[in-house]
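Chemist: Need a 3D model of the following:
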Amino acid sequence: MSRIASLAANNQLVNILLSTQRRLQETQVQLSSGKVSQTYDGIALGSERMVNLENTQGVLERFISNNDTTGLQLDVMETSVEAMRVTIRDFKSLLGDMSASGTATKQQVKDIQDWAIRSLTNMEEYLNTQVNGQFLFAGGRNNTRPVNLGITTLAAFQSIYDGVTVNFPTTRDAHLADFSISKDTNNEEGLFVDQNKHLIFRQDDGTQTSTIESTSAMFSNVKAGTRITVSGTSSNDGTYTVKSVSADNTKIEIVTEMLTTETATAAQFELSDKAGATTQKNTVTALHGGTTSAGDTYTLTINGVDVVFTMTADETSNDLLAKAIADKINASTDSAITPVRAVAATDGSGTIELTAKVPGVAFTLAVSSVNAADGNITSTSNVANGAGTTGTILTNANTGTITFSRANDTITAAIDGSFAGVKIGEVITVSGTAENDGTYTVLSRDENAKILTVESNKLTDEGVDTGDTFFDYAVSTQVILDNAASTIQVKTNGGAAPLSGIFSGVPGLAVGDSITVAGADAGNNITYSINAISADGSTLTVSPAPGTGETVTNANDTAAVKITGTGFSYTAVTQLAFTDVGAAGTDTIQVKDAFGGAAVANVFANLRAGMKITVGGMPAINNNGTFTVASV
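Modeler: Below is the predicted model of the structure:
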C-alpha cells in the first residue's frame, strides 16, 4: 500500500504510532529504573499492599531510630550513675581515712570540706546530664533542669547549712515540701485583731524550744526536716530547719542551739580536743577461703549488738567481702553500733578497720563465722578493748557555780581562769545541768577566762510580721446615736477619737445589713438598716434615724449597750478587771460588761502564751505597762 486512502485511515495510523512510542517509552523507563511503574496507578491491583509495606518499613525504621536514641540515653545515664557511685565512694573513703587518723588538723578539715563541695557540685552536674536537649533525670519534665542546688562554693553552702541547726532535708517528704506563707489568711481579719499581722515568733514557748505559730492551721504542708527561709521580720530573718509540726498544724518547732538561763552547781565541761584521749581501733580480717559460698555468715558483735552479713554470689574476692561487711556496719542505725566506723582495705587482705568516732569512747568487739567453705573471720586489737582515757574535764571544783544566760549566750564560772584551756572555736560538751546539757561552739572568751560566749541559733520574741501591733482592743467605749445625721458611731470614752474598724472586717457588716441596738434609751433599742459605712469603719449611717440624740457612756447608762447583727456582735461600755492573787497563783486581766459584770467572750481568743500586751489609760498607774501572757 503506497498511499493513505482517507483521513480516518490517516488518524488511525498516527494513533498506532503514538501508542507504540508510549509503550516504547514506558519500557525504556522500566528498564532504566527497574520498576514496573513510577506511580501506584501502574500497579493498581498491588498498590494497597505496597503502601502498607512502606508504612510498616517506616514504622520499623523509626522504632530502630528510637531504640538507638534510647540506648544512647541509657548508656549516658549508666555512665552518670557510675560516676556518682565513684564520687560517693571516693569521698566516703577519704572521710573514713580522716576519721581513722584520729584528731584532724584544721587543714585536713578544710581539705575534706572542699572535696565535699566538689563532690556535691559534680553530682549536681551528673544529674543534669542532657542528650538531644533533654534532661535524662528529669522524668516527664525533661525540658526542666532537675537539680539546682544554687550553691557553687563552700562558703555559700556553709552560710546556709551549719550541720547543727540547719541541715539539707534528709527525707523525701521534707525535700518535696511545697509551701509559701505570707500571712495568716484564715484569720487575717479576725475580731479584735489587726488584719495586717499574722505570725508569732517565740524564743521559748515554755519548753525550751523556739516556735513559729499562727492562729490557724497554716503549716499543714510543712514536714519535719524541711528547710525554711524567713524574711520580712524585724529580728528573725534567716534559714531554719523544722524540728516538728504541732498536731493542729498551727505551730512549728525550730531546730535551735541556745542556752537556758540557769545556775548550776554540778556542771561539768568536757573539752573537745580530748587532751590525752586515745582512739580505739580494731582490725578484723574476713576471708572466704577462695570459694564463694552463698549463705555463709559473718558476725561482728559491737557493744553487745550483732551485725550479721550473709554472703551472696557477688563477693568474689576478699576485698568485696570486706567492703560488704563494712557497708553493713556503717549502714546500721543502732545506737550501739553507730559510734563505730568501718573502713575496708582494697589490697586483697580482706581487712576491715573499726575505729571509734569519738576519742576516749571505747567499744567492745567479738567476731564469729559460719562457713561451708574454709573461710573465717578474725579480730586483732590495735588498741585494747575498753581502752582510751577520758578527755579534759572541768568540774565544779575547777569552775565553782556556773551561770548560764540565754539572753547573752554566755557561760560564766565563779572562779577566774576556769576556762583558760578552752580554745576559740572549740566544741565543748556540758553535762550535769538541769537545762543545758549538750554541745556548744565557743565564739569568745573574756580576759579573765571565766566567761565563754557560745554560738546560738534561736528565734527572738517578736510580735508578728513587722513586729507591730497584733492585738488592739479598747474598753470603756461610748456609742453615739445621732438623730440629725442618722448615724451610729463608736468612740473612746469621753469622745476623744472614733474607733476605726469596729464595723468593718470579717465577719463585719455591709450596706443593706441590719443591726439591733440594746441597752440604750428605750426609743433607740430597735432594729436599723445600714445605708453606709464610713471609710474608717467607725460610723454607720442607718435608717430609721435614732429617735433621739444619745451618747451611751459609763456616766449616764445603767447597762452596757450592745450592737448585734448577722455574724456580728459588739459590746460597748466594757471595763478591764485586774486580779492580783499574789503568790497564790497567776494574776489575771479580764474584759467585763461595765455594769452587769459578765465576761465578754473571745476578746483574747487570738492571743497566745508568751505574747506581750501593753495596757494604757488606766487610772492606777501600776496597771499601765507591758505584761507577758502566761495563758488564755
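Chemist: so what's the backbone phi/psi at residue 110?
Modeler: Backbone torsions of residue 110, given as degrees, to the nearest 10, read phi -60, psi -40.
Chemist: correction: residue 77
Modeler: The phi/psi pair for residue 77 (degrees, to the nearest 10) is phi -60, psi -40.
Chemist: Check the gap between the closest residue to it other than its chain neighbours and residue 212 for me.
Modeler: Nearest non-adjacent residue to residue 77, counting by C-beta to C-beta, 6 or more residues apart in numbering: residue 136, 5.1 Å away. All C-beta atoms are positioned from the backbone trio N, CA, C, and that covers glycine. In this view, residue 136 and residue 212 are 39 Å apart by C-beta to C-beta, to the nearest Å.
Chemist: Please say which of the two ends up with more neighbours.
Modeler: Using other C-beta atoms under 10 Å as the criterion, residue 136 and residue 212 rank with residue 212 on top: 26 against 19.
Chemist: related to what we said a few turns ago, check contacts around the residue nearest to residue 77.
Modeler: The contact partners of residue 136, by C-beta atoms under 8 Å, 6 or more residues apart in numbering, come to 73, 76, 77, 80, 129, 130, 142.
Chemist: can you do 6 Å?
Modeler: Residue 136 is in contact with 73, 77, 129, counting by C-beta atoms under 6 Å, 6 or more residues apart in numbering.
Chemist: Now the buried members of those.
Modeler: By neighbour count, with 16 or more other C-beta atoms under 10 Å, those hold 73, 129 as buried.
Chemist: Name the residue closest to the centre of this protein, please.
Modeler: Among the residues of the chain, the one closest to the centroid is residue 226, at 1.5 Å (C-alpha atoms, centre = their mean).
Chemist: my read: it touches residue 173, true?
Modeler: No. Counting by C-beta atoms under 6 Å, residue 226 does not reach residue 173; the two are 8.2 Å apart.
Chemist: just the helices in the stretch 51-200 of the chain please.
Modeler: Under the criterion DSSP state H, counting those that start in this stretch, the stretch 51-200 of the chain contains helices at 106-127, 154-158, 172-176.
Chemist: no wait, the chain
Modeler: Using DSSP state H, the helices of the chain run over 7-33, 47-100, 106-127, 154-158, 172-176, 318-330, 396-399.
Chemist: any idea how far the second one is from the chain center?
Modeler: I take that to be helix 47-100. Computed by C-alpha atoms, centre = their mean, to the nearest Å, the chain-centroid distance of helix 47-100 equals 34 Å.
Chemist: The first one too?
Modeler: Taking C-alpha atoms, centre = their mean, one finds helix 7-33 lying 87 Å from the centre of the chain it belongs to.
Chemist: Show me which residues of it are buried.
Modeler: Of the residues in helix 7-33, none is buried (16+ other C-beta under 10 Å).
Chemist: Kindly report the same for stretch 79-87.
Modeler: Of the residues in stretch 79-87, 80, 87 count as buried by neighbour count, 16+ other C-beta under 10 Å.
Chemist: And the contacts of that stretch?
Modeler: For stretch 79-87, the external contacting residues (C-beta under 6 Å, 6+ apart) are 119, 122, 123, 126, 129.
Chemist: Let me know the pLDDT of the fourth one.
Modeler: Put plainly, it is residue 126. Listed pLDDT for residue 126 reads 91.
Chemist: what's the closest non-adjacent residue to it?
Modeler: Once flanking residues are discounted, residue 126 sits nearest to residue 80: 4.3 Å by C-beta to C-beta, 6+ apart.
Chemist: Show the pLDDT at the one you found.
Modeler: pLDDT at residue 80 comes out at 91.
Chemist: which stretches of the stretch 401-550 of the chain form strands?
Modeler: For the stretch 401-550 of the chain, the strands defined by DSSP state E, counting those that start in this stretch occupy 402-405, 410-412, 427-431, 438-445, 451-454, 477-482, 487-492, 514-518, 527-533, 539-543, 550-552.
Chemist: what's the answer for the stretch 201-350 of the chain, then?
Modeler: Assigned strands in the stretch 201-350 of the chain, in chain order: 210-213, 227-230, 238-245, 251-254, 262-264, 268-271, 281-287, 297-302, 305-310, 340-344 (criterion: DSSP E, counting those that start in this stretch).
Chemist: Point out the most buried one among these.
Modeler: Among the strands of the stretch 201-350 of the chain, strand 210-213 has the highest mean neighbour count (mean count of other C-beta atoms under 10 Å), at a mean of 24.
Chemist: Which neighbouring elements make contact with that strand?
Modeler: When contacts are defined as 3 or more C-beta pairs under 6 Å, 6 or more residues apart in numbering; DSSP states H and E, strand 210-213 packs onto strand 200-202, strand 251-254.
Chemist: Tell me which of these lies nearest to residue 439.
Modeler: For those, proximity to residue 439 was assessed by C-beta to C-beta; strand 251-254 is nearest, at 18.0 Å.
Chemist: Which strands and helices lie in contact with the closest one?
Modeler: Counting contacts by 3+ C-beta pairs under 6 Å, 6+ apart, strand 251-254 packs against strand 210-213, strand 238-245.
Chemist: Show me what the mean pLDDT comes to for the shortest one.
Modeler: By that I understand strand 210-213. Across strand 210-213, pLDDT averages out at 85.
Chemist: Name the residues that touch it?
Modeler: 199-203, 205, 250-254, 256, 458-459, 608.
Chemist: rerun at 7 Å
Modeler: Applying C-beta atoms under 7 Å, 6 or more residues apart in numbering, the contact partners of strand 210-213 are 199-205, 250-254, 256, 458-459, 608.
Chemist: Where does pLDDT dip in the stretch 501-632 of the chain?
Modeler: 505-508, 552-560, 567, 573, 594-596, 606, 609-610, 619-621 (pLDDT under 70).
Chemist: what's the pLDDT at the nearest residue to residue 308 once chain neighbours are set aside?
Modeler: Among residues not flanking residue 308 along the chain, residue 299 sits closest, at 5.0 Å (C-beta to C-beta, 6+ apart). Listed pLDDT for residue 299 reads 86.
Chemist: list the contacts for residue 299?
Modeler: Shown in contact with residue 299 (C-beta under 7 Å, 6+ apart): 306, 307, 308, 367, 368, 369.
Chemist: The second one and residue 300 touch, don't they?
Modeler: Yes. Between residue 307 and residue 300 a contact is recorded at 4.8 Å, counting by C-beta atoms under 7 Å.
Chemist: list the residues that contact both of these two?
Modeler: Common contacts of residue 307 and residue 300 (C-beta under 7 Å, 6+ apart): residue 329.
Chemist: what residues are up against the closest residue to residue 334 other than its chain neighbours?
Modeler: Take residue 334 and drop its neighbours on the chain: the residue closest to it by C-beta to C-beta, 6+ apart is residue 305, 5.4 Å away. Residue 305 sits next to 334, 336, 337 when contact means C-beta under 7 Å, 6+ apart.
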